[in-house]
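>>> Sequence first, then the predicted structure:
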Amino acid sequence: MARRSPAKLVAELSPEERAFQKVARVVSIREQSTATMRAKLAQAGFEEAVVEGALERARACGFIDDRRYAEVLVRSAIAAGKGLRLVEQELDALGVGLEEVQAYQEHCEDGGDEVSRALDALARKRFTAKNRWQAGYRFLVQRGYSNDAASSAVRLWIESE
């Protein structure tokens, strides 16, 4: 019996099965949102009906869960010392409110607020710019802190020096 190459075996699969296999491979590496996975499948050339079928199957199997993705996203941002403004924008696109995420609620209960985390981020960073206020503010906004939190943190940081 002649052996078939893996590429030939994959080519024999239906488009629906190939799309689902792609979802399985991608989510085994990193948690994905439905929107991100939809874009990846479309970019790979799958038709819309095939994409939606694969995503529905992946959700049914528990491979994709936007709530779980939101939890991972919030926990990662907090652990990395980043602001939650960018996270909130991404979650809005998924239809998940930041207040609905358990990790965010736990963070708030622990007394974690944006200004104190922003101050910690400023304390770890060394600035050489002449205008320290602008440099600190720009640094925090780029890391995802809200304008208000960045402004307050920079003001407190400069006053403490």
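Yep, that arrived.
>>> count of neighbours near G83?
Residue neighbour count, defined by other CB atoms under 10 Å, stands at 23 for G83. C-beta here means a position set from N, CA and C on the backbone, and glycine is covered the same way.
>>> Please disregard the earlier target; I meant S160.
Around S160 there are 9 other residues, counting by other CB under 10 Å.
>>> what's the answer for G53, then?
Neighbour tally, G53, other CB under 10 Å: 17.
>>> Over to V154?
V154 has 25 nearby residues by other CB under 10 Å.
>>> dump the residue contacts of it.
When contacts are counted by CB atoms under 8 Å, 6 or more residues apart in numbering, V154 touches 118, 122, 133, 136-137, 140.
>>> roughly how far out does stretch 105-120 sit from the chain middle?
What separates the centre of stretch 105-120 from the centre of its chain is 19 Å, taken as CA atoms, centre = their mean, to the nearest Å.
>>> what do you get for stretch 81-99?
In terms of CA atoms, centre = their mean, the centre of stretch 81-99 is found 8 Å from the chain centre.
>>> Also stretch 89-106?
11 Å.
>>> Pull out the buried residues from it.
90-91, 94, 96, 98, 101, 103-104 (16 or more other CB atoms under 10 Å).
>>> again with stretch 22-41
22-23, 26-27, 31-34, 36-38, 40-41.
>>> Which member of these is positioned nearest A49?
L41 (11.3 Å; CB to CB).
>>> neighbours around the nearest residue to that closest one once chain neighbours are set aside, how many?
Closest residue in space to L41, ignoring its immediate chain neighbours: V51 at 4.4 Å, by CB to CB, 6 or more residues apart in numbering. Around V51 there are 22 other residues, counting by other CB under 10 Å.
>>> follow-up on the earlier one: could you list which of the contacts of V154 belong to helices?
Among these, the subset assigned to helices under DSSP state H consists of 118, 122, 133, 136-137, 140.
>>> tell me the two of the residues you listed that are most distant?
Using CB to CB, these span at most 13.3 Å, a distance reached by A118 and W133.
>>> higher neighbour count, these two?
Set side by side, A118 and W133 show more neighbours around A118, with 30 against 14, by other CB under 10 Å.
>>> So the closest residue to S33 other than its chain neighbours versus T34, what's the distance?
Spatial nearest neighbour of S33, excluding adjacent residues (CB to CB, 6+ apart): Y69 at 4.7 Å. Using CB to CB, to the nearest Å, Y69 is found at 8 Å from T34.
>>> which residues do these two both contact?
Contact criterion CB under 8 Å, 6+ apart; residues shared by Y69 and T34: L94.
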